[in-house]
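> Just a sequence and a predicted model for now, questions to come.
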Amino acid sequence: MIARGFWLYRGSLTWPTADGAITRLDIERIQAALSGGGHYFRATFTYDFLDPNGRRLCGTWHKNFSSEPEVRDFAARELPVGKPVVVRFNPKNPAFNDLELDSWTYTNDRPTSLNI
């Protein structure tokens, strides 16, 4: 399964892009079975975009956090509802798509200021 995921990711680097927008944020509290009763929060960002034929499609992107305030801070800073985004999609089947995000969005380590 990991090899298939890597194969799909590598192939997706050549997929075309489309302009889209974040349309929704859902936050889910998840009980972590392996952490002795702990929990985490999963943020699901929904986005819409138009495929080459003008059909509106949507997709989702997930990120986990340790608290709900962390989710809300991240969403307000990086992916607020209405924010324009770039979507990379499979040209043979645009239902297979993903957000084109920079590494700071994934790691949450964007510098807040540049003190030189």
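Nice, thanks for sending it over.

> from here on, contacts and neighbour counts on C-alpha atoms
Will do.

> ok, and the closest non-adjacent residue to the spatially most central residue of the chain?
In the chain, the C-alpha nearest the mean C-alpha coordinate belongs to residue 61, at 3.1 Å (CA atoms, centre = their mean). Closest residue to residue 61 apart from its sequence neighbours, by CA to CA, 6 or more residues apart in numbering: residue 45 at 5.2 Å.

> so that neighbour sits right up against residue 25, yeah?
Yes - judged on CA atoms under 8 Å, residue 45 makes contact with residue 25 at a distance of 4.8 Å.

> which of the residues in the helix or strand encompassing residue 74 are buried?
For residue 74, the element it lies in under DSSP states H and E is helix 68-78. Neighbour counts over helix 68-78 (16 or more other CA atoms under 10 Å) mark 68, 71, 72, 74 as buried.

> what's the answer for stretch 81-98, then?
Neighbour-count burial for stretch 81-98 [16+ other CA under 10 Å]: 81, 84, 85, 86, 87, 88, 89, 90, 91, 94, 97, 98.

> burial count for the residue nearest to residue 61?
21 (other CA atoms under 10 Å).

> Checking my notes, it in a helix, right?
No - using DSSP: H, G, I helix; E, B strand; the rest coil, the assignment for residue 45 is strand, not a helix.
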